[in-house]
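Engineer: would you be able to build a 3D model of this:
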Amino acid sequence: MSSFAENDYILEEKKKKSRFPPIIGRIWYSLLYFFAAGATFATILGCWSPATQKFSLFTTDTSPMISYLANATGFNETQFQHPDLPDAWSWGFSGTCQLFNSTSKDTSCYHAYPPLFTIQDLVAKALSNSKQPDTDEVINTWNTALAAKPSDPAYSALAQSDSRRSHSVSLLRGAAAALIFSLFISLNNCFSSISLFFYSLDEKSERKYRHILFGIAVFDFLLFAGALVMFTIGMVDGPAALASGKSNGFGSGVGPIGEVGYIVMLVALTLRIMSIPIVGLVIVCILGFELLLALFVGYLIWTCMFKVVEDHQPVGC
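Structural biologist: Numbers count the residues shown, from 1 in each chain. Have a look, this model is predicted:
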């Protein structure tokens, strides 16, 4: 019997040695969730002020919006134009900023969480302190055009603006609530994982605690992804439709891709799922393989180019 017990003990010790060291998993989880919480907080502050305008998620240009409204309503484009109107508006989770191409004009932001401003609101805010004599006339032109209901299907975004606005508001509010909830989960997960360094738990209890944290991380990942999708659809159904002149909200006058806010959100989203050590290990291995492949291909291209140059080297050089 003693030999069997000794064998079981040896097997159990081997299993323990072959497992992923818990301390590494704790450090990995804590660090990644710490950075995820920081990225989430930066996302929430997007467009709160000119300093956080860099974390915007969408940019809608004024010029294509004016062209769209002029074509839809019969107004002349010059009737919408005003020297104090911004060249574009950027949208983040905490407000909207007006942007100017001219360096003589400063960026200004109107904060609200979520940013439920209408185009009428933004035009009125932009021109509220203007001293130009035609300011009221320009504001009236914008308000009249935005209230129009053209029958031409090409301008359905304007004709359906009320229903689209209602849908957009619901989605933006849902995205804002999901993002705040996700931030609380991030902070809770970060502190909960750090607490494992200060409490002594038996192996079974610690494994159960880790599995709970991993399950919460998956839920947080899905919640954060939902917030990103809802905000995007909310913008597409709202202001972006008029700026792009297309029913789907994407066009030359709308720029969600390449915005720093989107990059930060995608980083925060990736960190959440990578906080699970096995998932993070797989992703790191994939990225490492792609990096090595890129370096290998680059080396082959460089070698071939060097060979071609060497073969065509003039005699005597």
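Engineer: use CA for all of it now, contacts and neighbours both
Structural biologist: Fine.
Engineer: can you give me the helices for the protein?
Structural biologist: Applying DSSP state H to the chain gives helices spanning 2-18, 22-44, 62-73, 119-126, 135-146, 156-159, 161-195, 203-237, 239-244, 260-274, 277-311.
Engineer: and the ones you listed, which one averages the lowest pLDDT?
Structural biologist: Note on these: lowest mean pLDDT is at helix 2-18, with a mean of 52.
Engineer: which residue packs closest to the most centrally placed residue in the chain, ignoring adjacent ones?
Structural biologist: In the chain, the residue lying closest to the centroid (Cα atoms, centre = their mean) is Y262, at 2.7 Å. Once flanking residues are discounted, Y262 sits nearest to L57: 5.5 Å by Cα to Cα, 6 or more residues apart in numbering.
Engineer: burial count for the one you found?
Structural biologist: Look at L57: counted by other Cα atoms under 10 Å, it has 28 neighbours.
Engineer: that one touches L266, doesn't it?
Structural biologist: No - using Cα atoms under 8 Å, L57 is not in contact with L266, being 11.3 Å away.
Engineer: figure out which of the helices of the chain is closest to L85.
Structural biologist: helix 119-126 (6.0 Å; Cα to Cα).
Engineer: which positions in the closest one come out as buried?
Structural biologist: For helix 119-126, a neighbour-count test (16 or more other Cα atoms under 10 Å) marks I119, Q120, L122, V123, A124, A126 as buried.
Engineer: against L228, how distant is the residue nearest to Y262?
Structural biologist: 10 Å (Cα to Cα, to the nearest Å).
Engineer: now L292
Structural biologist: Taking Cα to Cα, one finds L292 at 31 Å from L228.
Engineer: of these two, who's got more company?
Structural biologist: Of the pair L292 and L228, L228 is the one with more neighbours under other Cα under 10 Å, namely 22 against 12.
Engineer: list the contacts of L158.
Structural biologist: Residues near L158 by Cα atoms under 8 Å, 6 or more residues apart in numbering: L146, A148, K149, P150, L242.
Engineer: tally of neighbours for the residue lying closest to S63 once chain neighbours are set aside?
Structural biologist: With Cα to Cα, 6+ apart as the criterion, S63 has its nearest non-adjacent residue at 7.0 Å, and that residue is D87. Neighbourhood size, D87 [other Cα under 10 Å]: 15.
Engineer: look up phi and psi at D87.
Structural biologist: Backbone torsions for D87, taken as degrees, to the nearest 10, come to phi -80, psi -20.
Engineer: might one say that it is in contact with T59?
Structural biologist: No - the criterion here is Cα under 8 Å, and D87 misses it with T59 at 10.3 Å.
Engineer: residues making contact with stretch 160-175?
Structural biologist: Contact with stretch 160-175 is made by 114-116, 149, 157, 226-231, 233-235, 237-238, as judged by Cα under 8 Å, 6+ apart.
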